[in-house]
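Q: The following comprises the amino acid sequence and a computationally predicted model.
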Amino acid sequence: MKEITAQIRVRMGEPAAHYAGGLVAGAKLLELFGDVATELLIRRDGDEGLFAGYSEVKFLAPVHAGDYIEATGRIVKEGNTSRTMEFVAYKVISLKHDPQLADSAAEVLPEPLPVCRALGTCVTLKERQRYG
């Protein structure tokens, strides 16, 4: 099986903040994984397919409005129509929450910080698969 990967990088804006202190809901990270899965299926099958579900989700660190998140994914197993995918989201730039600095001050992290890991399965119907 040829390794297929995809990646997306986004800034978590104020509308993504769902909880006190500008905390972003974990569901936003799963939304990013869904976008990555869509790209993986297009690259693999030529179709967007459907997300069937997650078998594992682990939230590892908080994400706040202003943080830059890089979500990556890869197909780790293939069935006739199913594709099992592994996802990781990393915080790569963090908004500094320092009262001495303006809220717009950000810090590029020396190493990407894993904030979420997940394993999920998507399905592309056989009749919608265009690539062998």
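A: Yes, it's here.
Q: Near the residue found closest to Arg117 once you drop the neighbours it is linked to in the chain, how many other residues are there?
A: The shortest distance from Arg117 to any non-neighbouring residue, by CB to CB, 6 or more residues apart in numbering, is to Lys58 (4.8 Å). The C-beta positions use only the backbone N, C-alpha and C, and glycine is treated the same way. Neighbours of Lys58 under the rule other CB atoms under 10 Å: 12.
Q: The helix or strand where Lys58 lies pairs with which strands, parallel or anti?
A: Using DSSP states H and E, Lys58 sits within strand 50-59. According to DSSP bridges, strand 50-59 forms sheet pairs with strand 106-123 (antiparallel).
Q: hey, where'd the helices end up in the chain?
A: With DSSP state H as the criterion, the chain has helices at 26-45.
Q: tally of neighbours for Gly73?
A: The tally of other residues near Gly73 (other CB under 10 Å) stands at 26.
Q: now Ile75: how far from Ala37?
A: Going from Ile75 to Ala37 by CB to CB, to the nearest Å gives 9 Å.
Q: Would you mind telling me which of these two has more residues around it?
A: Neighbours per residue (other CB under 10 Å) separate Ile75 from Ala37, with Ala37 holding more: 25 against 21.
Q: Wait, the more buried one touches Gly120, no?
A: Yes: with contact defined as CB atoms under 8 Å, Ala37 reaches Gly120; the gap is 6.7 Å.
Q: which residues of the protein score low on pLDDT?
A: The chain contains residues with pLDDT under 70 at 97-105, 132.
Q: Just the CA trace of stretch 54-65, in CSV.
A: What follows is stretch 54-65 as a C-alpha-only set of coordinates in CSV (Å, rounded to 0.1, in the frame of the first residue of the first chain):
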residue,chain,number,x,y,z
TYR,A,54,-13.8,7.1,15.4
SER,A,55,-12.5,4.1,17.3
GLU,A,56,-10.2,6.3,19.5
VAL,A,57,-9.9,10.0,20.4
LYS,A,58,-7.4,11.4,22.9
PHE,A,59,-7.2,15.1,23.8
LEU,A,60,-3.7,15.8,25.0
ALA,A,61,-3.4,19.6,25.6
PRO,A,62,-5.7,22.6,25.5
VAL,A,63,-6.2,24.7,22.4
HIS,A,64,-7.1,28.4,22.6
ALA,A,65,-8.3,31.0,20.2
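Q: Fine by me, we can end here.
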